[in-house]
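K.L.:
structure for the following, please:
(2 chains)
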There are 2 protein chains.
Amino acid sequence: MFRRNYSSALLEEAVDQLATLPGVGRRTALRLALHLLGQPRENVEQFSDALLRLRQDIHHCPVCGMISDDGTCPVCGDPHRDPTVVCVVESLRDVLSIENTGQYSGLYHILGGIISPIDGVGPGDLRIHELGDRLAQGQIREVVLALSTSMEGETTAYYLYKQIARYPVSVTAIARGVGFGDDLEYTDELTLGRSITNRQPFKP
Amino acid sequence: MFRRNYSSALLEEAVDQLATLPGVGRRTALRLALHLLGQPRENVEQFSDALLRLRQDIHHCPVCGMISDDGTCPVCGDPHRDPTVVCVVESLRDVLSIENTGQYSGLYHILGGIISPIDGVGPGDLRIHELGDRLAQGQIREVVLALSTSMEGETTAYYLYKQIARYPVSVTAIARGVGFGDDLEYTDELTLGRSITNRQPFKP
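P.N.:
Numbers count the residues shown, from 1 in each chain, chains lettered A, B, ... in the order given. Below is the predicted model:
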(Lines give C-alpha, C1' and ligand atoms only; values in the text may rest on other atoms or scores of the structure.)
Protein backbone atom coordinates (compact mmCIF):
# COMPACT_ATOMS: atom_id res chain seq x y z
CA MET A 1 0.00 0.00 0.00
CA PHE A 2 2.79 2.39 0.88
CA ARG A 3 6.49 1.80 1.32
CA ARG A 4 6.88 -0.48 4.31
CA ASN A 5 9.90 1.35 5.71
CA TYR A 6 7.92 4.54 6.28
CA SER A 7 4.77 2.96 7.59
CA SER A 8 3.52 3.26 11.14
CA ALA A 9 2.99 0.00 12.99
CA LEU A 10 -0.04 1.51 14.74
CA LEU A 11 -1.58 2.53 11.42
CA GLU A 12 -0.79 -0.83 9.84
CA GLU A 13 -2.46 -2.65 12.70
CA ALA A 14 -5.58 -0.50 12.55
CA VAL A 15 -5.77 -1.04 8.77
CA ASP A 16 -5.29 -4.80 9.23
CA GLN A 17 -8.15 -4.90 11.71
CA LEU A 18 -10.51 -2.70 9.68
CA ALA A 19 -9.82 -4.85 6.61
CA THR A 20 -11.30 -7.86 8.43
CA LEU A 21 -14.76 -6.26 8.17
CA PRO A 22 -16.98 -7.69 5.41
CA GLY A 23 -16.82 -5.63 2.21
CA VAL A 24 -13.85 -3.56 3.42
CA GLY A 25 -10.64 -3.87 1.40
CA ARG A 26 -7.25 -2.48 2.42
CA ARG A 27 -7.77 0.75 0.52
CA THR A 28 -11.07 1.45 2.26
CA ALA A 29 -9.56 0.32 5.57
CA LEU A 30 -6.81 2.92 5.17
CA ARG A 31 -9.42 5.60 4.45
CA LEU A 32 -11.37 4.62 7.57
CA ALA A 33 -8.22 4.55 9.71
CA LEU A 34 -7.16 8.02 8.51
CA HIS A 35 -10.69 9.25 9.23
CA LEU A 36 -10.48 7.98 12.81
CA LEU A 37 -7.00 9.48 13.16
CA GLY A 38 -8.47 12.88 12.32
CA GLN A 39 -11.28 12.64 14.87
CA PRO A 40 -11.19 14.03 18.43
CA ARG A 41 -9.74 11.55 20.88
CA GLU A 42 -12.99 11.13 22.88
CA ASN A 43 -14.94 10.31 19.72
CA VAL A 44 -12.58 7.45 18.92
CA GLU A 45 -12.78 6.28 22.53
CA GLN A 46 -16.58 6.16 22.30
CA PHE A 47 -16.38 4.43 18.94
CA SER A 48 -14.00 1.76 20.17
CA ASP A 49 -15.91 1.34 23.42
CA ALA A 50 -19.31 0.88 21.73
CA LEU A 51 -17.98 -2.00 19.61
CA LEU A 52 -16.26 -3.63 22.56
CA ARG A 53 -19.35 -3.41 24.77
CA LEU A 54 -21.58 -4.73 21.99
CA ARG A 55 -19.56 -7.93 21.99
CA GLN A 56 -18.84 -8.17 25.72
CA ASP A 57 -22.08 -7.10 27.35
CA ILE A 58 -24.78 -8.42 25.07
CA HIS A 59 -26.93 -11.34 26.23
CA HIS A 60 -28.64 -14.05 24.25
CA CYS A 61 -32.17 -15.13 25.10
CA PRO A 62 -32.06 -18.73 26.42
CA VAL A 63 -35.43 -19.43 24.74
CA CYS A 64 -35.16 -18.04 21.20
CA GLY A 65 -31.51 -16.97 20.87
CA MET A 66 -32.32 -13.29 20.21
CA ILE A 67 -29.94 -10.64 21.53
CA SER A 68 -30.93 -8.49 24.46
CA ASP A 69 -29.25 -6.06 26.82
CA ASP A 70 -30.21 -7.91 30.02
CA GLY A 71 -30.96 -11.59 29.48
CA THR A 72 -34.72 -11.33 29.03
CA CYS A 73 -35.48 -11.19 25.32
CA PRO A 74 -37.91 -8.35 24.49
CA VAL A 75 -39.82 -10.47 21.94
CA CYS A 76 -40.32 -13.52 24.17
CA GLY A 77 -41.23 -11.22 27.07
CA ASP A 78 -43.83 -9.23 25.14
CA PRO A 79 -47.37 -10.29 26.23
CA HIS A 80 -48.80 -8.95 22.95
CA ARG A 81 -46.93 -11.48 20.81
CA ASP A 82 -48.64 -14.76 19.92
CA PRO A 83 -46.80 -17.54 21.82
CA THR A 84 -48.46 -20.30 19.76
CA VAL A 85 -46.53 -19.41 16.57
CA VAL A 86 -42.75 -19.76 16.25
CA CYS A 87 -40.75 -18.66 13.22
CA VAL A 88 -37.51 -20.58 12.72
CA VAL A 89 -34.69 -18.54 11.19
CA GLU A 90 -31.00 -18.95 10.60
CA SER A 91 -29.71 -15.79 12.27
CA LEU A 92 -30.43 -12.60 14.16
CA ARG A 93 -30.24 -10.71 10.88
CA ASP A 94 -33.30 -12.61 9.63
CA VAL A 95 -35.24 -11.68 12.78
CA LEU A 96 -34.44 -8.01 12.22
CA SER A 97 -35.56 -8.29 8.58
CA ILE A 98 -38.88 -9.91 9.51
CA GLU A 99 -39.48 -7.47 12.39
CA ASN A 100 -38.82 -4.71 9.90
CA THR A 101 -41.88 -5.76 7.90
CA GLY A 102 -44.17 -5.33 10.91
CA GLN A 103 -46.23 -8.26 9.57
CA TYR A 104 -45.35 -10.95 12.11
CA SER A 105 -46.62 -11.12 15.68
CA GLY A 106 -45.41 -14.55 16.80
CA LEU A 107 -42.16 -15.60 18.46
CA TYR A 108 -38.84 -16.65 16.94
CA HIS A 109 -36.32 -19.44 17.15
CA ILE A 110 -32.82 -18.63 15.93
CA LEU A 111 -30.93 -21.75 14.82
CA GLY A 112 -27.55 -20.05 14.74
CA GLY A 113 -26.73 -21.39 11.28
CA ILE A 114 -27.87 -24.04 8.82
CA ILE A 115 -26.86 -27.64 8.28
CA SER A 116 -23.82 -27.56 6.00
CA PRO A 117 -21.61 -30.67 5.82
CA ILE A 118 -19.02 -28.76 3.74
CA ASP A 119 -18.56 -26.23 6.54
CA GLY A 120 -18.71 -29.00 9.15
CA VAL A 121 -22.03 -27.78 10.59
CA GLY A 122 -24.31 -30.64 11.64
CA PRO A 123 -27.71 -30.67 13.39
CA GLY A 124 -25.94 -30.90 16.75
CA ASP A 125 -24.27 -27.52 16.18
CA LEU A 126 -27.59 -25.74 15.81
CA ARG A 127 -30.26 -24.87 18.38
CA ILE A 128 -32.52 -27.69 17.19
CA HIS A 129 -32.63 -29.50 20.54
CA GLU A 130 -33.85 -26.25 22.14
CA LEU A 131 -36.62 -26.05 19.54
CA GLY A 132 -37.71 -29.57 20.53
CA ASP A 133 -37.83 -28.50 24.18
CA ARG A 134 -40.06 -25.56 23.30
CA LEU A 135 -42.40 -27.78 21.24
CA ALA A 136 -42.53 -30.37 24.05
CA GLN A 137 -44.08 -27.75 26.35
CA GLY A 138 -47.23 -28.02 24.22
CA GLN A 139 -48.11 -24.33 23.81
CA ILE A 140 -46.87 -23.96 20.23
CA ARG A 141 -49.38 -24.70 17.43
CA GLU A 142 -47.48 -23.58 14.34
CA VAL A 143 -43.85 -23.59 13.25
CA VAL A 144 -43.03 -21.23 10.35
CA LEU A 145 -39.86 -22.18 8.50
CA ALA A 146 -38.11 -19.06 7.14
CA LEU A 147 -34.83 -20.53 5.90
CA SER A 148 -32.90 -19.71 2.75
CA THR A 149 -33.66 -21.58 -0.49
CA SER A 150 -30.09 -22.81 -0.86
CA MET A 151 -29.26 -26.52 -0.80
CA GLU A 152 -28.27 -26.16 2.86
CA GLY A 153 -31.45 -24.29 3.68
CA GLU A 154 -33.63 -26.95 2.03
CA THR A 155 -31.72 -29.71 3.84
CA THR A 156 -32.17 -27.96 7.17
CA ALA A 157 -35.87 -27.38 6.50
CA TYR A 158 -36.38 -31.06 5.66
CA TYR A 159 -34.46 -32.18 8.75
CA LEU A 160 -36.51 -29.86 10.96
CA TYR A 161 -39.73 -31.04 9.31
CA LYS A 162 -38.89 -34.67 10.20
CA GLN A 163 -37.98 -33.69 13.77
CA ILE A 164 -41.10 -31.60 14.25
CA ALA A 165 -43.37 -34.36 12.91
CA ARG A 166 -43.53 -36.00 16.37
CA TYR A 167 -45.25 -32.95 17.85
CA PRO A 168 -48.89 -31.95 17.17
CA VAL A 169 -48.02 -28.71 15.37
CA SER A 170 -48.59 -27.49 11.82
CA VAL A 171 -45.43 -26.70 9.84
CA THR A 172 -45.56 -23.87 7.32
CA ALA A 173 -42.94 -22.09 5.19
CA ILE A 174 -42.77 -18.50 4.04
CA ALA A 175 -44.21 -17.94 0.55
CA ARG A 176 -41.82 -17.95 -2.40
CA GLY A 177 -42.64 -16.24 -5.66
CA VAL A 178 -42.06 -13.24 -7.86
CA GLY A 179 -41.22 -10.23 -5.69
CA PHE A 180 -43.39 -7.11 -5.66
CA GLY A 181 -42.12 -4.77 -8.34
CA ASP A 182 -40.08 -7.50 -10.05
CA ASP A 183 -40.36 -7.98 -13.80
CA LEU A 184 -41.34 -11.49 -14.90
CA GLU A 185 -38.74 -11.13 -17.64
CA TYR A 186 -35.90 -10.87 -15.12
CA THR A 187 -37.17 -13.42 -12.60
CA ASP A 188 -35.22 -16.67 -12.56
CA GLU A 189 -37.00 -19.72 -14.02
CA LEU A 190 -37.17 -21.66 -10.75
CA THR A 191 -38.88 -18.82 -8.90
CA LEU A 192 -41.27 -18.05 -11.75
CA GLY A 193 -42.03 -21.76 -12.24
CA ARG A 194 -42.82 -22.24 -8.56
CA SER A 195 -44.91 -19.08 -8.38
CA ILE A 196 -47.09 -20.43 -11.22
CA THR A 197 -47.40 -23.87 -9.62
CA ASN A 198 -48.28 -22.33 -6.27
CA ARG A 199 -50.73 -19.81 -7.74
CA GLN A 200 -53.39 -18.55 -5.39
CA PRO A 201 -56.98 -17.26 -5.70
CA PHE A 202 -56.94 -13.70 -7.01
CA LYS A 203 -58.14 -11.19 -4.42
CA PRO A 204 -59.11 -7.96 -6.09
CA MET B 1 -34.33 -0.03 10.73
CA PHE B 2 -36.20 -2.39 12.99
CA ARG B 3 -38.96 -1.82 15.48
CA ARG B 4 -37.57 0.31 18.26
CA ASN B 5 -39.28 -1.62 21.04
CA TYR B 6 -37.32 -4.79 20.24
CA SER B 7 -33.98 -3.18 19.58
CA SER B 8 -30.94 -3.60 21.77
CA ALA B 9 -29.41 -0.40 23.13
CA LEU B 10 -25.95 -1.93 22.78
CA LEU B 11 -26.57 -2.81 19.13
CA GLU B 12 -28.10 0.61 18.42
CA GLU B 13 -25.08 2.34 19.89
CA ALA B 14 -22.62 0.23 17.90
CA VAL B 15 -24.61 0.93 14.72
CA ASP B 16 -24.71 4.66 15.51
CA GLN B 17 -20.94 4.70 15.93
CA LEU B 18 -20.18 2.62 12.82
CA ALA B 19 -22.48 4.87 10.77
CA THR B 20 -20.18 7.83 11.55
CA LEU B 21 -17.51 6.28 9.30
CA PRO B 22 -17.23 7.83 5.82
CA GLY B 23 -19.22 5.89 3.22
CA VAL B 24 -20.99 3.75 5.82
CA GLY B 25 -24.78 4.10 6.01
CA ARG B 26 -27.01 2.64 8.72
CA ARG B 27 -27.69 -0.51 6.73
CA THR B 28 -23.99 -1.24 6.26
CA ALA B 29 -23.33 -0.26 9.88
CA LEU B 30 -25.85 -2.89 11.01
CA ARG B 31 -24.16 -5.49 8.83
CA LEU B 32 -20.76 -4.62 10.32
CA ALA B 33 -22.13 -4.66 13.88
CA LEU B 34 -23.71 -8.10 13.36
CA HIS B 35 -20.43 -9.31 11.89
CA LEU B 36 -18.53 -8.16 15.00
CA LEU B 37 -21.22 -9.72 17.21
CA GLY B 38 -20.53 -13.08 15.56
CA GLN B 39 -16.76 -12.90 16.07
CA PRO B 40 -14.84 -14.44 18.98
CA ARG B 41 -14.59 -12.04 21.92
CA GLU B 42 -10.79 -11.68 21.73
CA ASN B 43 -10.96 -10.71 18.04
CA VAL B 44 -13.33 -7.85 18.84
CA GLU B 45 -11.09 -6.82 21.73
CA GLN B 46 -8.09 -6.66 19.39
CA PHE B 47 -10.16 -4.80 16.81
CA SER B 48 -11.37 -2.22 19.27
CA ASP B 49 -7.95 -1.88 20.86
CA ALA B 50 -6.12 -1.32 17.56
CA LEU B 51 -8.39 1.62 16.70
CA LEU B 52 -8.09 3.12 20.15
CA ARG B 53 -4.31 2.84 20.21
CA LEU B 54 -4.02 4.30 16.71
CA ARG B 55 -5.66 7.48 17.98
CA GLN B 56 -4.12 7.56 21.45
CA ASP B 57 -0.53 6.48 20.89
CA ILE B 58 0.38 7.91 17.51
CA HIS B 59 2.84 10.79 17.35
CA HIS B 60 3.16 13.60 14.85
CA CYS B 61 6.55 14.67 13.56
CA PRO B 62 7.27 18.22 14.83
CA VAL B 63 9.10 18.98 11.58
CA CYS B 64 6.85 17.73 8.76
CA GLY B 65 3.63 16.65 10.53
CA MET B 66 3.86 13.00 9.40
CA ILE B 67 2.63 10.29 11.75
CA SER B 68 5.09 8.04 13.52
CA ASP B 69 5.02 5.54 16.33
CA ASP B 70 7.65 7.26 18.48
CA GLY B 71 8.02 10.96 17.74
CA THR B 72 10.84 10.77 15.21
CA CYS B 73 9.36 10.73 11.71
CA PRO B 74 10.84 7.96 9.56
CA VAL B 75 10.99 10.18 6.46
CA CYS B 76 12.71 13.16 8.14
CA GLY B 77 15.06 10.74 9.91
CA ASP B 78 16.08 8.86 6.76
CA PRO B 79 19.64 9.88 5.69
CA HIS B 80 18.93 8.67 2.14
CA ARG B 81 16.20 11.26 1.54
CA ASP B 82 17.16 14.58 -0.05
CA PRO B 83 16.78 17.29 2.63
CA THR B 84 17.01 20.12 0.07
CA VAL B 85 13.59 19.33 -1.47
CA VAL B 86 10.31 19.67 0.44
CA CYS B 87 6.94 18.67 -0.96
CA VAL B 88 4.01 20.59 0.54
CA VAL B 89 0.78 18.59 0.80
CA GLU B 90 -2.59 19.00 2.44
CA SER B 91 -2.76 15.79 4.43
CA LEU B 92 -1.13 12.54 5.48
CA ARG B 93 -3.17 10.76 2.82
CA ASP B 94 -1.33 12.72 0.11
CA VAL B 95 2.03 11.70 1.58
CA LEU B 96 1.00 8.04 1.46
CA SER B 97 -0.15 8.45 -2.16
CA ILE B 98 3.14 10.07 -3.23
CA GLU B 99 5.23 7.53 -1.29
CA ASN B 100 3.25 4.84 -3.05
CA THR B 101 4.64 5.97 -6.41
CA GLY B 102 8.23 5.45 -5.25
CA GLN B 103 9.21 8.46 -7.41
CA TYR B 104 9.97 11.03 -4.74
CA SER B 105 13.01 11.09 -2.52
CA GLY B 106 12.73 14.48 -0.80
CA LEU B 107 11.01 15.43 2.44
CA TYR B 108 7.42 16.53 3.11
CA HIS B 109 5.53 19.28 4.81
CA ILE B 110 1.93 18.51 5.78
CA LEU B 111 -0.20 21.66 6.03
CA GLY B 112 -3.06 19.93 7.84
CA GLY B 113 -5.68 21.39 5.49
CA ILE B 114 -6.08 24.14 2.91
CA ILE B 115 -7.16 27.77 3.16
CA SER B 116 -10.96 27.74 3.02
CA PRO B 117 -12.82 30.85 4.21
CA ILE B 118 -16.17 29.00 3.90
CA ASP B 119 -14.99 26.36 6.38
CA GLY B 120 -13.35 29.02 8.53
CA VAL B 121 -9.82 27.78 7.81
CA GLY B 122 -7.33 30.61 7.49
CA PRO B 123 -3.52 30.59 6.99
CA GLY B 124 -3.06 30.68 10.78
CA ASP B 125 -4.82 27.32 11.13
CA LEU B 126 -2.31 25.58 8.87
CA ARG B 127 1.32 24.63 9.45
CA ILE B 128 2.56 27.52 7.29
CA HIS B 129 4.57 29.18 10.03
CA GLU B 130 6.43 25.89 10.55
CA LEU B 131 7.25 25.80 6.83
CA GLY B 132 8.75 29.29 7.15
CA ASP B 133 10.90 28.08 10.06
CA ARG B 134 12.20 25.21 7.95
CA LEU B 135 13.00 27.51 5.01
CA ALA B 136 14.74 29.98 7.33
CA GLN B 137 17.26 27.29 8.24
CA GLY B 138 18.67 27.67 4.71
CA GLN B 139 19.10 24.01 3.76
CA ILE B 140 16.03 23.76 1.50
CA ARG B 141 16.53 24.61 -2.20
CA GLU B 142 13.17 23.60 -3.71
CA VAL B 143 9.58 23.62 -2.52
CA VAL B 144 7.21 21.37 -4.53
CA LEU B 145 3.57 22.37 -4.21
CA ALA B 146 1.32 19.29 -4.44
CA LEU B 147 -2.07 20.79 -3.56
CA SER B 148 -5.46 20.09 -5.07
CA THR B 149 -6.64 22.07 -8.10
CA SER B 150 -9.77 23.29 -6.33
CA MET B 151 -10.38 27.00 -5.69
CA GLU B 152 -9.11 26.49 -2.13
CA GLY B 153 -6.04 24.60 -3.34
CA GLU B 154 -5.15 27.35 -5.83
CA THR B 155 -5.66 30.03 -3.17
CA THR B 156 -3.42 28.16 -0.74
CA ALA B 157 -0.76 27.62 -3.41
CA TYR B 158 -0.76 31.33 -4.27
CA TYR B 159 -0.58 32.31 -0.60
CA LEU B 160 2.35 29.94 -0.04
CA TYR B 161 4.08 31.21 -3.17
CA LYS B 162 3.95 34.77 -1.83
CA GLN B 163 5.20 33.65 1.59
CA ILE B 164 8.03 31.57 0.13
CA ALA B 165 9.18 34.41 -2.16
CA ARG B 166 11.27 35.89 0.65
CA TYR B 167 13.49 32.79 0.79
CA PRO B 168 16.07 31.86 -1.89
CA VAL B 169 14.31 28.67 -2.99
CA SER B 170 12.72 27.61 -6.27
CA VAL B 171 8.99 26.86 -6.13
CA THR B 172 7.61 24.12 -8.38
CA ALA B 173 4.23 22.42 -8.70
CA ILE B 174 3.38 18.86 -9.66
CA ALA B 175 2.56 18.44 -13.36
CA ARG B 176 -1.10 18.54 -14.42
CA GLY B 177 -2.27 16.91 -17.61
CA VAL B 178 -4.07 14.00 -19.19
CA GLY B 179 -3.55 10.90 -17.05
CA PHE B 180 -1.78 7.82 -18.35
CA GLY B 181 -4.38 5.54 -19.92
CA ASP B 182 -7.01 8.30 -20.06
CA ASP B 183 -8.88 8.91 -23.31
CA LEU B 184 -8.67 12.47 -24.63
CA GLU B 185 -12.37 12.16 -25.42
CA TYR B 186 -13.27 11.77 -21.76
CA THR B 187 -10.76 14.26 -20.32
CA ASP B 188 -12.32 17.49 -19.06
CA GLU B 189 -11.66 20.60 -21.15
CA LEU B 190 -9.66 22.43 -18.51
CA THR B 191 -7.22 19.56 -18.05
CA LEU B 192 -6.88 18.91 -21.79
CA GLY B 193 -6.49 22.65 -22.47
CA ARG B 194 -3.73 23.01 -19.89
CA SER B 195 -1.96 19.89 -21.05
CA ILE B 196 -1.77 21.37 -24.58
CA THR B 197 -0.60 24.75 -23.30
CA ASN B 198 2.03 23.11 -21.10
CA ARG B 199 3.19 20.67 -23.79
CA GLN B 200 6.72 19.36 -23.40
CA PRO B 201 9.50 18.13 -25.72
CA PHE B 202 8.70 14.62 -26.92
CA LYS B 203 11.13 12.04 -25.53
CA PRO B 204 10.96 8.85 -27.59
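K.L.:
just give me the longest strand of chain A.
P.N.:
strand A:82-89 (DSSP state E).
K.L.:
buried sites along the helix or strand following that one?
P.N.:
Heading C-terminal from strand A:82-89, the first helix or strand you meet, by DSSP states H and E, is helix A:92-101. With burial defined by 16 or more other Cβ atoms under 10 Å in any protein chain shown, the residues of helix A:92-101 counted as buried are A:92, A:93, A:94, A:95, A:96, A:98, A:99. Bear in mind the C-beta positions are built from the backbone N, C-alpha and C, glycine included.
K.L.:
and the fourth one, what is it in contact with?
P.N.:
Residue A:95 makes contact with A:66, A:75, A:89, A:108, A:110 under the criterion Cβ atoms under 8 Å, 6 or more residues apart in numbering or on different chains.
K.L.:
among those residues, which two are most distant?
P.N.:
The largest separation in those, counting by Cβ to Cβ, is between A:75 and A:89 at 11.9 Å.
K.L.:
show me which of the two is the more surrounded one.
P.N.:
Using other Cβ atoms under 10 Å in any protein chain shown, the more surrounded residue of residue A:75 and residue A:89 is residue A:89, with 25 against 20.
K.L.:
what's the first helix or strand after the strand or helix carrying residue A:161?
P.N.:
Here residue A:161 is covered by helix A:151-164, with elements defined by DSSP H and E. Sequence order places strand A:170-173 as the next helix or strand after helix A:151-164, per DSSP H and E.
K.L.:
picking up where we left off before, now for residue A:75 and residue A:89: what residues contact both?
P.N.:
Joint contacts of residue A:75 and residue A:89 (Cβ under 8 Å, 6+ apart) are A:95, A:108.
K.L.:
does residue A:203 count as helix, strand or coil?
P.N.:
coil (DSSP: H, G, I helix; E, B strand; the rest coil).
K.L.:
kindly state the pLDDT recorded for it?
P.N.:
If you check residue A:203, the pLDDT there is 75.
K.L.:
same check, this time on residue A:15
P.N.:
In the predicted model, residue A:15 carries a pLDDT score of 94.
K.L.:
so which residues of chain A form strands?
P.N.:
Here chain A has its strands, by DSSP E, at A:59-60, A:67-68, A:82-89, A:106-110, A:142-145, A:170-173.
K.L.:
make a markdown table from these and add mean pLDDT to it.
P.N.:
Shown next, in a markdown table, are the strands of chain A (pLDDT from 0 to 100):
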| stretch | mean pLDDT |
| --- | --- |
| strand A:59-60 | 89 |
| strand A:67-68 | 88 |
| strand A:82-89 | 95 |
| strand A:106-110 | 95 |
| strand A:142-145 | 94 |
| strand A:170-173 | 91 |
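K.L.:
right, and the ones you listed - which one's nearest chain B?
P.N.:
Using Cβ to the nearest Cβ as the measure, strand A:67-68 is the one of these that comes nearest chain B, at 5.2 Å.
K.L.:
is any part of the closest one close to chain B?
P.N.:
Yes - applying Cβ under 8 Å from any Cβ of the partner chain, one finds that strand A:67-68 is in contact with chain B at A:67, A:68.
K.L.:
can you list the low-confidence ranges for chain A?
P.N.:
A:1-6 (pLDDT under 70).
K.L.:
domain map for it?
P.N.:
Structural domains annotated on chain A: A:10-57, A:67-173, as defined by automatic domain parsing.
K.L.:
which one of these lies closest to residue A:194?
P.N.:
Going by Cβ to Cβ, the one of the domains of chain A nearest residue A:194 is domain A:67-173, 9.4 Å.
K.L.:
re earlier: so which of the domains of chain A comes closest to residue B:61?
P.N.:
The closest of those to residue B:61 is domain A:10-57. By Cβ to Cβ, the value is 13.6 Å.
K.L.:
the closest one and chain B in contact?
P.N.:
Yes - Domain A:10-57 reaches chain B (Cβ under 8 Å from any Cβ) through A:10-11, A:13-14, A:16-18, A:20-23, A:28, A:30-37, A:39, A:41, A:43-57.
K.L.:
and these, which of them are buried?
P.N.:
Buried members of the residues of domain A:10-57 next to chain B, counted by 16+ other Cβ under 10 Å: A:10-11, A:13-14, A:17-18, A:21, A:28, A:30-37, A:44, A:46-48, A:50-55.
K.L.:
filter the residues you listed down to the ones in helices?
P.N.:
Among these, the ones falling in helices (DSSP state H) are A:10-11, A:13-14, A:17-18, A:28, A:30-37, A:44, A:46-48, A:50-55.
K.L.:
quick one: contacts for residue A:176?
P.N.:
Counting by Cβ under 8 Å, 6+ apart, residue A:176 touches A:149, A:191, A:194, A:195, A:198.
K.L.:
excluding chain neighbours, what is closest to the first one?
P.N.:
In space, and not counting its chain neighbours, residue A:149 is closest to residue A:176: 6.7 Å by Cβ to Cβ, 6 or more residues apart in numbering or on different chains.
K.L.:
equivalent analysis for residue A:68, please.
P.N.:
Once flanking residues are discounted, residue A:68 sits nearest to residue A:59: 5.2 Å by Cβ to Cβ, 6+ apart.
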